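>>> Sequence and computational prediction follow.
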Amino acid sequence: MSEGSNPATKSIADFAFRTAAASDIAALVPLVESAYRGEVSRKGWTTEADLLDGQRIDPQGLAETLAKPGSRVVLAESDGVLLGCANVERQGDYAYFGMFSVRPHLQGAGVGNALLAECERVAREEWRCASMRMTVISVRDELVAWYERRGYRRTGEYKPFPYGDARFGIPKRDDLRFEWLVKSL
């Protein structure tokens with residue numbers, strides 16, 4: 001990032017958004033991993049390092065996401081530097097939001113707000129979806145509260161954590177589950 005281009009001082013118009021391509025996989029896997037797993041993730045507030053070990057994503061899974069019809073991985077960049085990404089997927093009359101990742105040292109600097117707003121815009125304006133839905137590990141109270149401040153609400157609907165499937169990480173606790181959050185667009 002160049003001198004004077006601090007993401008904390010930028011508005012949503014100052015970020016460039018584009019759709020990821022297969023050529024971005026090599027940069028995206030370490031970005032997603034850094035936001036959730038390992039010691040580097042502890043520099044940000046979205047870490048899952050106390051909940052899960054192992055991987056968050058792998059190149060093959062990301063390639064499948066990129067190739068899936070109705071799926072888009074949105075990249076946030078500034079001055080050509082990758083700052084964050086998220087996956088938005090059209091599922092009927094709603095869009096599913098996931099894989100939300102911002103470089104740990106930039107979390108809290110406005111990148112996530114801008115990226116979430118861009119994904120909501122895609123779902124609302126381009127796809128004409130009525131709502132955005134996502135799943136969040138239910139014990140992530142601070143993260144759920146962040147989404148609630150942005151208009152998402154808890155549904156009280158849960159789905160089980162995929163224990164035994166290392167593609168989703170290796171749990172350090174036995175009480176993990178996902179809660180559905182929803183926002184009308």
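Everything's here; your move.
>>> What are the neighbouring residues in contact with the residue nearest the centre of the chain?
To find the centre residue of the chain, average its C-alpha atoms and take the closest one (Cα atoms, centre = their mean): that gives residue 100, at 0.7 Å. Taking Cβ atoms under 8 Å, 6 or more residues apart in numbering, we find residue 100 in contact with 84, 85, 86, 87, 112, 115, 116. Every residue, glycine included, has its C-beta placed from N, CA and C.
>>> Might you list the low-confidence residue ranges for this protein?
Counting by pLDDT under 70, the chain contains low-confidence ranges at 1-13.
>>> which of the residues in the lengthiest strand in it are buried?
Longest among the strand segments of the chain by residue count, using DSSP state E, is strand 81-91. By neighbour count on 16 or more other Cβ atoms under 10 Å, the buried set for strand 81-91 is 82, 83, 84, 85, 86, 87, 88, 89, 90.
>>> since we're on residue 106, how many residues are nearby?
By other Cβ atoms under 10 Å, 22 other residues sit near residue 106.
>>> Confirm that residue 32 sits in a helix.
Yes - going by DSSP: H, G, I helix; E, B strand; the rest coil, the assignment for residue 32 places it inside a helix.
>>> Number of residues surrounding it?
Residue 32 - counted by other Cβ under 10 Å - has 23 other residues nearby.
>>> With respect to residue 61, which of the buried residues of strand 81-91 is nearest?
Within the buried residues of strand 81-91, proximity to residue 61 (Cβ to Cβ) peaks at residue 87, which comes in at 10.8 Å.
>>> Give me the nearest residue to that closest one, chain neighbours excluded.
Nearest residue to residue 87 in three dimensions, chain neighbours excluded: residue 99, at 4.0 Å (Cβ to Cβ, 6 or more residues apart in numbering).
>>> buried residues in the helix or strand hosting that neighbour?
Secondary-structure assignment from DSSP states H and E places residue 99 in strand 94-102. Applying a neighbour-count criterion of 16+ other Cβ under 10 Å, one finds 94, 95, 96, 97, 98, 99, 100, 101, 102 buried in strand 94-102.
>>> after it, next one along is what?
Taking DSSP H and E, what comes next after strand 94-102 is helix 111-121.
>>> and the angle for that next one with strand 81-91?
Compare the direction of helix 111-121 with that of strand 81-91 by axes from the mean of the first three to the mean of the last three Cα atoms, to 10 degrees and you get 30 degrees.
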